[in-house]
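Undergrad: only geometry, no sequence info:
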């Protein structure tokens, strides 16, 4: 079993134009891999089907080792050998993305960078608004937002994560004790007090961050709902 609590097998989705598999073969396959097997038989591109299968297998609670074993078993049954590398890669990528998405939802910490998740940042904002009058929050707090430069943002997932981690470290140094979270693929934000030292701290952050990307103070709106929408907007590319 994988990270998810319950494994539920769902019916496969038929692929238009593909003839059905022989029943004797279909009975031996994981339902999520039927469309993949049909693609192998008809000679069509199966990478997209493998991505769908990888995502659904992760969501149903199947671990990566088990998912790969299922794929290999299906390939040996249909093709007589191991599955094509592109199909293995597509399934692994989709399984990993689905698993990371799940972790982001249940964890306060982004597993790639160690920063607070966007969800946790929203929660921290909501707690502020619920504890004080909204107008007070907007006048006493702000978001210090920075983003990695375009070169870092267009690199590999690992390169982006490392750049965001360094940027987050600079935020933690300049704003100790503040909630520092990841916003999308390129941005980091700290929930900071709006005081007389804010401008000086932002200048220090610019020096420590050592990035060609933007850095700015984002004012908070008067209501909690508007603040949540603001965080969502800042999370977009």
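TA: Nice, I can see it. For clarity, every value in this text was computed on a predicted model and none was experimentally measured. Numbering: from 1, shown residues only.
Undergrad: can you tell me the element residue 168 falls in?
TA: For residue 168, the element it lies in under DSSP states H and E is helix 157-174.
Undergrad: now do that helix, average pLDDT.
TA: The pLDDT scores in helix 157-174 average 88.
Undergrad: what is the neighbour count of residue 229?
TA: Close neighbours of residue 229, defined as other C-beta atoms under 10 Å, add up to 12. The C-beta positions use only the backbone N, C-alpha and C, and glycine is treated the same way.
Undergrad: gap between it and residue 235?
TA: Distance, residue 229 to residue 235, by C-beta to C-beta, to the nearest Å: 11 Å.
Undergrad: residue 34: neighbour count?
TA: Counted with other C-beta under 10 Å, residues neighbouring residue 34 total 23.
Undergrad: in which helix or strand would I find it?
TA: Residue 34 is part of helix 34-42 when elements are defined by DSSP H and E.
Undergrad: before we move on, back to that, the following helix or strand past the helix holding residue 168 packs against which elements?
TA: Counting by DSSP H and E, the element after helix 157-174 in chain order, helix or strand, is strand 179-183. The criterion is 3 or more C-beta pairs under 8 Å, 6 or more residues apart in numbering; DSSP states H and E, and the helices and strands that strand 179-183 contacts are helix 118-131, helix 157-174, strand 187-193, helix 224-235.
Undergrad: please identify the deepest-packed of those.
TA: Of all these, strand 187-193 carries the top mean neighbour count, a mean of 23, counting by mean count of other C-beta atoms under 10 Å.
Undergrad: list the helices and strands the helix or strand immediately after that strand in the chain packs on?
TA: Tracing the chain C-terminally past strand 187-193 and defining elements by DSSP H and E, one meets helix 198-209 next. Here helix 198-209 touches strand 141-147, helix 157-174, strand 215-219, going by 3+ C-beta pairs under 8 Å, 6+ apart.
Undergrad: mind redoing it with 6 Å?
TA: Applying 3 or more C-beta pairs under 6 Å, 6 or more residues apart in numbering; DSSP states H and E, one finds that helix 198-209 contacts helix 157-174.
Undergrad: before we move on, back to that, return the set of buried residues in the helix holding residue 34.
TA: 34, 35, 36, 37, 38, 39, 40, 41 (16 or more other C-beta atoms under 10 Å).
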